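Trainee: next one to model:
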Amino acid sequence: MDIAPGDITPRERPPGPAIRDEPRPGYEAEPNGGAPRPPTRRGRAVSLVLSALLMAGIAAAIWRWPTGPSGRHAGPPAAAIPVLVAPARVANVPIYLDGLGTVQAFNSVTVTPVVGGPLLSVNFRQGQDVTKGQVLARIDPRLYQAALEQAEAKKAQDEANLANARADLARYQKLVAKNYTSAQQAETQKALVAQLAAQVQMDQAQIDTARTQLSYCTITAPISGRSGLRLIDPGNVVQPGSTGAIVTIAQIHPISVVFSLPQQDLGQVQAALHSGPTPMSTTPMGTTPMGTTPMGKAPVLAYAQGAAETAANVLDRGTLSVLDNTVDSTTGTIKLKATFPNPQDRLWPGGFVAVRLQVATDRNAVVVPPAAVQQGPDGLYVYVVGADGKAARRTVTVTHEDADAAVIGTGLAAGERVVTDGASRLSDGARVAVAPQAGAAAKIAPPGKPRQNPARKPAGTGGKQAAR
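Mentor: Residues are numbered from 1 along each chain as shown. Modelled structure (predicted):
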């Protein structure tokens with residue numbers, strides 16, 4: 001093998017310090033300074049065992065590292081979480097069914113003329129309260145007065161003929177008794193008297209008709225109520241019929257509200273109608289009785305549409321008066337009508353109102369604020385604050401819930417304190433700091449963000465009870 005000058009053979013090295021070939025980990029050195037050999041199966045096994053032991057040691061050190069309060073390296077205790085609390089209490093809770101209703105006049109009448117003629121005067125102001133029998137307008141009565149007088153004159157004429165016929169009949173009857181005339185002539189005269197008497201009766205009927213037509217020239221209010229806009233002005237010639245209306249009168253004392261509920265609530269509504277007197281409450285929790293409703297009359301509250309359902313926002317209090325006899329098959333709802341006294345005219349025909357029908361009262365129920373009840377993957381729960389200042393997660397059942405209170409069926413006793421704000425940052429056993437009610441919201445909710453319950457959606461506004 002020819003080697004060019006300057007080439008280094010594998011067995012030759014340049015002058016200088018000797019270079020030692022170090023084998024890589026896992027490789028075995030080649031005798032006589034040769035290149036290291038690849039690792040053997042035994043070497044690889046040793047490396048894997050050493051790596052496993054190293055990892056096990058690290059894991060054991062992490063596991064045994066002291067983290068509790070008694071450990072040498074334990075950190076400072078976790079800070080208490082500020083929360084708002086409220087005690088669970090016992091109350092009589094009215095059970096309501098919510099719906100949307102339309103205000104209707106208790107009675108509504110469109111005043112139209114019965115006879116035709118020139119309209120002489122209108123004797124009411126638009127929007128005026130009128131009473132039954134009050135004169136509203138007058139129609140020219142001259143033609144109807146003349147017709148009445150004509151009928152009266154015709155009756156007087158027929159009455160004179162009747163009197164003459166009766167006198168002739170008396171004479172004929174005397175002559176028949178003495179055989180001075182035939183009995184047939186007397187019978188004919190008797191028939192004439194009956195005919196004239198019937199004519200007089202017909203004349204009286206004509207007089208009554210003419211007098212009635214004349215009375216229609218003075219238009220009076222058929223009911224008491226509030227008059228609407230005037231639909232025709234004096235001087236116009238009016239004609240009988242629905243197209244010539246003068247005014248509409250609506251009775252608003254009392255007034256009605258028609259609303260609908262799902263057919264699933266039919267049983268509760270019927271039970272409320274067949275129950276005895278029910279206390280009408282002035283507060284949502286029913287602690288202050290206002291009076292009692294008549295037998296079988298369920299209480300109904302009316303609120304302005306979109307207003308909070310509180311005692312201050314009640315427009316009027318009434319009773320359920322009518323349950324429709326048919327379920328609407330297209331919508332699956334039942335129609336109901338409630339009657340309200342409406343003393344302050346806060347209900348107006350045609351308006352929309354929120355309606356709450358009280359169907360029952362849950363007596364001696366354990367209630368908490370709705371914000372205290374949270375929704376979790378395993379159901380509903382609350383955080384109960386114990387005497388040790390720690391929050392304990394408690395599973396509960398809710399039988400009824402509205403905007404004012406949640407009725408607890410099981411899982412909570414009266415007097416226990418539940419967290420109403422700040423529950424989103426709690427865990428079972430967390431230390432809490434009960435904040436005072438006044439101004440505590442700023443400590444719990446970050447500035448600029450409204451306080452809300454992210455774990456549970458608010459009660460629906462479609463008008464149904466939030467029974468769980």
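
Trainee: for Thr212, see how far away Val114 is.
Mentor: Using Cβ to Cβ, to the nearest Å, we find Val114 at a distance of 9 Å from Thr212. To be clear about C-beta, it is placed using only N, CA and C from the backbone, and glycine gets the same treatment.

Trainee: can you list the weak-confidence ranges in the chain?
Mentor: 1-43, 63-78, 242, 276-296, 438-468 (pLDDT under 70).

Trainee: for it, what's the longest helix?
Mentor: Ranked by residue count under DSSP state H, the longest helix found in the chain is helix 142-177.

Trainee: which residues touch Ala354?
Mentor: Residues in contact with Ala354 (Cβ atoms under 8 Å, 6 or more residues apart in numbering) are 98-101, 302-307, 309, 463.

Trainee: quick one, phi/psi of Val382?
Mentor: When read as degrees, to the nearest 10, the backbone of Val382 gives phi -130, psi 160.

Trainee: ranges for the strands of the stretch 151-300 of the chain?
Mentor: Listed in chain order, the strands of the stretch 151-300 of the chain (DSSP state E, counting those that start in this stretch) span 218-220, 225-227, 237-238, 247-262, 279-281, 289-292, 299-304.

Trainee: which one of these is the most hemmed in?
Mentor: strand 299-304 (a mean of 23; mean count of other Cβ atoms under 10 Å).

Trainee: quick one: it to strand 247-262, angle?
Mentor: Relative orientation of strand 299-304 and strand 247-262, computed by axes from the mean of the first three to the mean of the last three Cα atoms, to 10 degrees: 110 degrees.

Trainee: now the angle from the very next helix or strand once past strand 299-304 to strand 247-262?
Mentor: In the C-terminal direction, the helix or strand that comes right after strand 299-304 (DSSP states H and E) is strand 314-328. Put simply, strand 314-328 runs at 70 degrees to strand 247-262, going by the same axes, to 10 degrees.

Trainee: what does strand 314-328 contact?
Mentor: With Cβ under 8 Å, 6+ apart, strand 314-328 has contacts from 254, 256-257, 260, 263, 266, 269-270, 272-273, 280, 290, 293-294, 297-304, 333-344, 346-347, 353, 357.

Trainee: can we see that at 6 Å?
Mentor: With Cβ atoms under 6 Å, 6 or more residues apart in numbering as the test, strand 314-328 has contacts from 263, 280, 293, 297-298, 300-302, 334-340, 342, 346-347.

Trainee: distance of Val115 from Tyr216?
Mentor: The value you get for Val115 to Tyr216, if Cβ to Cβ is used, is 4 Å.

Trainee: no wait, Leu53
Mentor: In terms of Cβ to Cβ, Leu53 sits 116 Å off from Tyr216.

Trainee: these two: which is more packed in?
Mentor: Per other Cβ atoms under 10 Å, whichever of Leu53 and Tyr216 has more neighbours is Tyr216, with 17 against 10.

Trainee: wait, what's in contact with that one?
Mentor: By Cβ under 6 Å, 6+ apart, Tyr216 lies in contact with 114-115.

Trainee: distance of it relative to Ala210?
Mentor: According to Cβ to Cβ, Tyr216 and Ala210 sit 11 Å apart.

Trainee: skipping adjacent residues, who's closest to Arg393 in space?
Mentor: Nearest residue to Arg393, sequence neighbours excluded (Cβ to Cβ, 6 or more residues apart in numbering): Asp428, at 4.3 Å.

Trainee: buried residues, stretch 188-202. List them.
Mentor: 189-190, 192-193, 196, 199-200 (16 or more other Cβ atoms under 10 Å).

Trainee: no wait, stretch 202-221
Mentor: Residues 203, 206-207, 210, 213-214, 216-217, 219-221 are the ones in stretch 202-221 that count as buried (16+ other Cβ under 10 Å).

Trainee: next: stretch 371-389.
Mentor: 371-374, 380-385.

Trainee: what do you get for stretch 140-154?
Mentor: Buried-residue list, stretch 140-154, by 16+ other Cβ under 10 Å: 140-141, 144, 147-148, 151-152, 154.

Trainee: what's around Pro369, how many residues?
Mentor: Neighbours around Pro369, by other Cβ under 10 Å: 16.

Trainee: helices along the protein, start to end?
Mentor: For the chain, the helices defined by DSSP H occupy 41-63, 142-177, 183-215, 266-274, 441-444.

Trainee: in a markdown table: those helices, plus distance to Lys390.
Mentor: Converted to a markdown table, the helices of the chain look like this (distance: least, Cβ to Cβ, whole Å):
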| stretch | distance to Lys390 |
| --- | --- |
| helix 41-63 | 27 |
| helix 142-177 | 93 |
| helix 183-215 | 87 |
| helix 266-274 | 41 |
| helix 441-444 | 18 |
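
Trainee: for Ala435, which of the ones you listed is the nearest?
Mentor: helix 441-444 (5.3 Å; Cβ to Cβ).

Trainee: let me know the angle separating the longest strand along the chain from strand 247-262.
Mentor: Secondary structure of the chain per DSSP state E: the longest strand is strand 89-111. Counting by the same axes, to 10 degrees, strand 89-111 lies at 140 degrees to strand 247-262.

Trainee: ok, and what's touching strand 89-111?
Mentor: Residues outside strand 89-111 that contact it (Cβ under 6 Å, 6+ apart): 222-223, 245-251, 254-261, 265, 285-286, 347, 349, 351, 353, 355-365, 367, 400, 407, 414, 463.

Trainee: same question for stretch 248-255.
Mentor: For stretch 248-255, the surrounding residues in contact (Cβ under 6 Å, 6+ apart) are 105-110, 223, 225-228, 339-342, 347, 349.

Trainee: among those residues, which ones are buried?
Mentor: 105-107, 223, 225-228, 339-340, 342, 347, 349.

Trainee: where exactly do the strands run in the stretch 301-450 of the chain?
Mentor: Under DSSP E, counting those that start in this stretch, the stretch 301-450 of the chain gives strands at 314-328, 333-340, 352-368, 374-376, 379-385, 391-395, 397-401, 406-410, 417-421, 432-434.
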